[in-house]
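Enquirer: Take a look and give me a structure for this.
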Amino acid sequence: MNFTLKLCLALLLAMNSQSFFAQQIKDQKTQEIEFRNSENEARRISEENHKRLDDKISDLKKQQKEVETKKKNLVKSENDLKSTQEKISKLELANQKIESKITTTSVSDEEIQKQRIKTKENEVSIQKLKLTQITQQKELEKVISSL
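Expert: Okay, here's the model as predicted:
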């Protein structure tokens, strides 16, 4: 009886150990499957995040180009306006010189008439430039408001 008891105990122990190893193998396979699934999920999430970041980067680059374009337009508008103001100042100064020349020097009536015609031409040019200046100021305001 002692032998049969030992034999039964040995069989029972052997069966339990096989069941235990089978359970371990099953747990390892389950863990491997879960690990692969989690890796796939992490890869998918990472790809989505990269795509979102790439989209944001491209949007930011577009915005940067727009800002640079607006900045260039602003600088150009400011320079155009300054240039027009300088031209107006030069013509007004030229008219002042002509007027002072007419009043201070004694020249013939014909020369005075020529000088007065020149001042009138300058006045017309000044008026045209002032209209251009108004247009340029409006353009500058548009550029500033778009920023």
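
Enquirer: most centrally placed residue in the protein?
Expert: A centroid search over the chain (C-alpha atoms, centre = their mean) returns Gln64, at 1.4 Å, as the residue closest to the centre.

Enquirer: helix or strand right after the particular helix or strand that has it in it?
Expert: Using DSSP states H and E, Gln64 sits in helix 2-104. Using DSSP H and E, the helix or strand that directly follows helix 2-104 along the chain is helix 109-146.

Enquirer: Mean confidence (pLDDT) on stretch 61-72, please.
Expert: The predicted model assigns stretch 61-72 a mean pLDDT of 91.

Enquirer: Run through the protein and note the low-pLDDT ranges.
Expert: In the predicted model of the chain, residues 1, 5, 7-26 satisfy pLDDT under 70.

Enquirer: again, only this time at 80
Expert: 1-29, 102-109, 112, 147 (pLDDT under 80).

Enquirer: what's near enough to touch Lys51?
Expert: For Lys51, no residue meets the contact criterion (C-beta atoms under 8 Å, 6 or more residues apart in numbering). (Each C-beta comes from the backbone N, C-alpha and C, glycine too.)

Enquirer: Going forward, the N-terminal residue is numbered 751.
Expert: With the count now opening at 751, the last piece we talked about shows up as Lys801.

Enquirer: What separation do you get for it and Ser808?
Expert: According to C-beta to C-beta, to the nearest Å, Lys801 stands 11 Å off from Ser808.

Enquirer: go on, Leu841?
Expert: Distance from Leu841 to Ser808, by C-beta to C-beta: 50 Å.

Enquirer: Done for today, thanks.
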